[in-house]
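Visitor: Got a predicted structure plus its sequence, pasted below:
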Amino acid sequence: MPDTTLVIEDLHVDVDDKQILRGVDLTVEAGKVHALMGPNGSGKSTLAYALAGHPRYRVTGGKVTFKGEDVLDLTADERARLGMFLAMQYPVEVPGVSVTNFLRTAMNAVRGEDVPVREFAKDLREQMRLLDMDPRFAERNLNEGFSGGEKKRHEILQMALLRPELAILDETDSGLDVDALRVVAEGVNGLRGPGLGVLLITHYTRILRYISPDVVHVMVGGRVVETGGPELADQLESEGYERWRGDPAT
């Protein structure tokens, strides 16, 4: 069985010819939740999009491996088929495409075969029930008119159906009220297990009250400047990021 650890080594990324990531080193092991925290503009979302293969995010140096594969040599859809999943901070609206059609198309693409309609429908109903989603939600156009909570629930629904081995959750707590945050967190916690590594990107600690991380990383100035246990998140809650911002090395 291939190693499902994500290993990022000395990753440099430019966006619109501006350097954002300046040598990121980060490892995410299978079965563990890694929280990546940092202030706005530190490069957290840039890392997520670069890992997903977004063409705007140009890798200028470094290496990323997952399951023995050089991720940077793969297209975005090849990365998805390899078992990588990205929940974006700002999902786009797709008028005319229903949630049901999108999800079944995504499942077929990732699995490389047509999922039987009956199997898909049963799985979809069960996962929507677990996420406390109205069954009528499945017939709505993708992200069109969705509230922040609905968008995040839909992303966790995708994750539950696609069953990735690595989930990159970019600002999953953004724009959520307490009830929606709790439902989304319960969805993530329900998927935790030895076969799933999670990179949870946030700059607030409130989601970590519901999703307990195994490892916490701090990103400032386009680099990971410290790694520790869950207690590091508590330190950030009380002290903020000032001591790293003042470090000339960052």
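Guide: Now that the structure is in, tell me what you want to look at. Not measured: the values here are computed from a predicted model. Numbering: from 1, shown residues only.
Visitor: Quick check: Ala180 touching His154?
Guide: No. The pair Ala180 / His154 is not scored as a contact, 11.6 Å apart, by CB atoms under 8 Å. No exception for glycine: its C-beta is placed from N, CA and C like everyone else's.
Visitor: So for those two, which residue has more residues nearby?
Guide: Set Ala180 next to His154 and count neighbours by other CB atoms under 10 Å: His154 wins out with 24 against 19.
Visitor: On the three-state scheme, that one is what?
Guide: Here His154 is recorded as helix under DSSP: H, G, I helix; E, B strand; the rest coil.
Visitor: Count the residues that sit near Val163.
Guide: Just to correct that, residue 163 is Arg rather than Val. 16.
Visitor: can you map out the helices along the protein?
Guide: 44-52, 76-82, 99-111, 117-130, 148-162, 178-191, 231-239, 242-245 (DSSP state H).
Visitor: Can you check which of those helices gets nearest to Ile168?
Guide: Ile168 sits nearest to helix 44-52 of all these, at 5.2 Å, using CB to CB.
Visitor: Who are the packing partners of that closest one?
Guide: Secondary-structure packing of helix 44-52 (3 or more CB pairs under 8 Å, 6 or more residues apart in numbering; DSSP states H and E): strand 6-15, strand 18-28, strand 33-37, strand 57-66, helix 76-82, strand 84-87, strand 166-170, strand 197-202.
Visitor: Show me what counts as buried in the third one.
Guide: Under the neighbour-count criterion of 16 or more other CB atoms under 10 Å, strand 33-37 has 33-37 buried.
Visitor: Put the alpha carbons of stretch 65-76 into CSV.
Guide: This file holds the C-alpha atoms of stretch 65-76, laid out as CSV (Å, rounded to 0.1, in the frame of the first residue of the first chain):
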residue,chain,number,x,y,z
THR,A,65,4.8,14.1,-2.9
PHE,A,66,1.7,12.0,-2.0
LYS,A,67,1.3,8.3,-2.3
GLY,A,68,4.7,8.0,-3.9
GLU,A,69,3.8,10.4,-6.7
ASP,A,70,5.3,13.8,-7.6
VAL,A,71,2.2,15.9,-7.2
LEU,A,72,3.6,18.8,-9.1
ASP,A,73,3.8,16.8,-12.2
LEU,A,74,0.0,15.9,-12.1
THR,A,75,-2.9,17.9,-13.4
ALA,A,76,-5.7,19.0,-11.0
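Visitor: Does Val218 touch Ala35 like I think?
Guide: No. Val218 is beyond contact range of Ala35, at 9.6 Å (criterion: CB under 8 Å).
Visitor: quick one, which of the helices of the chain is nearest to Lys18?
Guide: helix 44-52 (10.1 Å).
Visitor: Would you mind listing the buried residues in the lowest-mean-pLDDT helix or strand in the chain?
Guide: Every helix and strand in the chain was compared by mean pLDDT, DSSP states H and E; the lowest is helix 242-245, with a mean of 76. Buried residues in helix 242-245, counted by 16+ other CB under 10 Å: Trp244.
Visitor: Quick one: list the elements packing against that helix.
Guide: Helix 242-245 packs on strand 215-220, going by 3+ CB pairs under 8 Å, 6+ apart.
Visitor: strands paired with the strand it packs on, and their directions?
Guide: Its sheet considered, strand 215-220 pairs with strand 33-37 (parallel), strand 223-228 (antiparallel) by DSSP bridges.
Visitor: Make TSV out of the ones you listed and add mean pLDDT.
Guide: Below are these laid out as TSV (pLDDT from 0 to 100):
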stretch	mean pLDDT
strand 33-37	96
strand 223-228	96
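Visitor: Let's have those strands in JSON lines, adding distance to Leu74.
Guide: Below are those laid out as JSON lines (distance: least, CB to CB, whole Å):
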{"stretch": "strand 33-37", "distance to Leu74": "21"}
{"stretch": "strand 223-228", "distance to Leu74": "23"}
